[in-house]
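A.B. asks: sequence? don't have it. structure:
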């Protein structure tokens, strides 16, 4: 009696293992036909640049920013100014006070994300931003905000004010692919500032003061308003002023003694939407004895533009134009004390 020819059957476990190895259900056909395809090349891994996005170095480090971010939240008015100039729209903004050229951001279509000093974290979670921008007043919140989404922090101007404005413009332009527009803006601004600098050198010495709550503070080169001296070229009326954020407290007697040819005034209270009082504070018999007052060369700068925004490329252009217009006006004699 012959023994039937029995071939060993394939173990189900082995078959499943081969199927898994060869690519799932499609491998079953190959097994049944008895042919096994050559192993395919592994899929190319995405480049680190495509996977990670664009690395941006800013005031507080380096951040990987997604390419062409769409849900942008801004906690700095200077950054908002620059983005508007570049033609970049945003999802949300901080605060509710905007100078004239940024007034469109007061519209309800822009989500409110808190204030420049205190973010609304609940609103931020709901907004799901893919980029947050801080700077100036909001820089202190960078660490917290960077835990929620990629965040970049713009530096404030100082001794090299105009260069900082240009660098911030180029930084944001690089994120949004607006490099050509940035070059146009920067070129126009540098030309305008150079023209003003030639004029300022021949028009006498000036002093920048900020008035708030009845007090007067003076600012010199290297300060938050030092652009008037360092970049616009206004000769300095008072040497040795401390380049601090809040300036150096002075009196009306100080102004009479230093006797500036030009007095550039920032009414902080008006800039914050309150009742401004700079004209009343300065309109006393001591200040009236200065050359600036007697020649009608007391220039009240746009307070929201000069105080609230500062380092926006449009704000700097507006400030430059206001100073240039003051120089272009003929001197006028104003009654003394």
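C.D. replies: On my side now, so go ahead. Remember, it's a predicted structure, so these values are computed and weren't measured experimentally. Numbers count the residues shown, from 1 in each chain.

A.B. asks: in the stretch 51-200 of the chain, which spans are strands?
C.D. replies: In the stretch 51-200 of the chain, the strands defined using DSSP state E, counting those that start in this stretch lie at 54-58, 61-65, 72-74, 92-93, 111-112, 131-135, 151-154.

A.B. asks: got the ones you listed as CSV, with distance to residue 327 columns?
C.D. replies: C-beta here means a position set from N, CA and C on the backbone, and glycine is covered the same way. CSV is the format used below for those (distance: least, C-beta to C-beta, whole Å):
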stretch, distance to residue 327
strand 54-58, 36
strand 61-65, 41
strand 72-74, 34
strand 92-93, 34
strand 111-112, 40
strand 131-135, 30
strand 151-154, 30
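
A.B. asks: tell me which of these sits nearest to residue 211.
C.D. replies: With C-beta to C-beta, the closest approach to residue 211 among those belongs to strand 131-135: 25.1 Å.

A.B. asks: that closest one pairs with which strands?
C.D. replies: strand 72-74 (parallel), strand 151-154 (parallel) (DSSP bridges).

A.B. asks: contacts for that strand?
C.D. replies: Residues outside strand 131-135 that contact it (C-beta atoms under 8 Å, 6 or more residues apart in numbering): 59, 65-66, 69, 71-76, 78-79, 83, 124, 141-142, 145-146, 148-156, 168, 172, 175, 311.

A.B. asks: show me which of the residues you listed are buried.
C.D. replies: 59, 65, 69, 71-76, 78-79, 83, 124, 141-142, 145-146, 148-156, 168, 172, 175, 311 (16 or more other C-beta atoms under 10 Å).

A.B. asks: that older thread, now the strands paired with strand 131-135 in TSV, with mean pLDDT and distance to residue 182?
C.D. replies: Compiled in TSV, the strands paired with strand 131-135 are given as follows (pLDDT from 0 to 100; distance: least, C-beta to C-beta, whole Å):
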stretch	mean pLDDT	distance to residue 182
strand 72-74	98	17
strand 151-154	97	14
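
A.B. asks: quick one: closest of those strands to residue 55.
C.D. replies: Judged by C-beta to C-beta, the one of the strands paired with strand 131-135 that comes nearest to residue 55 is strand 151-154, at 10.7 Å.

A.B. asks: which stretches of the protein have low pLDDT?
C.D. replies: The chain contains residues with pLDDT under 70 at 1-52, 333-337.

A.B. asks: find the centremost residue of the chain, please.
C.D. replies: residue 79 (2.4 Å; C-alpha atoms, centre = their mean).

A.B. asks: now that residue. Nearest residue, chain neighbours left out?
C.D. replies: Nearest residue to residue 79, sequence neighbours excluded (C-beta to C-beta, 6 or more residues apart in numbering): residue 133, at 4.6 Å.

A.B. asks: what separates that neighbour from residue 315, distance-wise?
C.D. replies: 16 Å (C-beta to C-beta, to the nearest Å).

A.B. asks: ditto for residue 131
C.D. replies: Separation of residue 131 from residue 315 (C-beta to C-beta) stands at 22 Å.

A.B. asks: equivalent analysis for residue 89, please.
C.D. replies: Residue 89 sits 19 Å away from residue 315, taking C-beta to C-beta as the criterion.

A.B. asks: higher neighbour count, those two?
C.D. replies: Legend: neighbour count by other C-beta atoms under 10 Å for residue 89 and residue 315, higher for residue 315 (25 against 12).

A.B. asks: next, give phi and psi for the closest residue to residue 128 other than its chain neighbours.
C.D. replies: Closest residue to residue 128 apart from its sequence neighbours, by C-beta to C-beta, 6+ apart: residue 71 at 6.2 Å. Main-chain dihedrals, residue 71, degrees, to the nearest 10: phi -110, psi 80.

A.B. asks: how about residue 71, what does it touch?
C.D. replies: By C-beta under 8 Å, 6+ apart, residue 71 lies in contact with 91, 127-131.

A.B. asks: make JSON lines out of those and add distance to residue 244 and neighbour count.
C.D. replies: Below are the contacts of residue 71 laid out as JSON lines (distance: C-beta to C-beta, whole Å; neighbours: other C-beta atoms under 10 Å):
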{"residue": "91", "distance to residue 244": "35", "neighbour count": "19"}
{"residue": "127", "distance to residue 244": "36", "neighbour count": "20"}
{"residue": "128", "distance to residue 244": "39", "neighbour count": "11"}
{"residue": "129", "distance to residue 244": "34", "neighbour count": "24"}
{"residue": "130", "distance to residue 244": "37", "neighbour count": "17"}
{"residue": "131", "distance to residue 244": "32", "neighbour count": "24"}
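
A.B. asks: returning to what we had before: do you know how far the residue nearest to residue 128 is from residue 133?
C.D. replies: According to C-beta to C-beta, residue 71 stands 12 Å off from residue 133.

A.B. asks: now the helices for the stretch 51-200 of the chain?
C.D. replies: Along the stretch 51-200 of the chain, counting by DSSP state H, counting those that start in this stretch, helices occupy 77-86, 121-127, 142-145, 161-176, 179-200.
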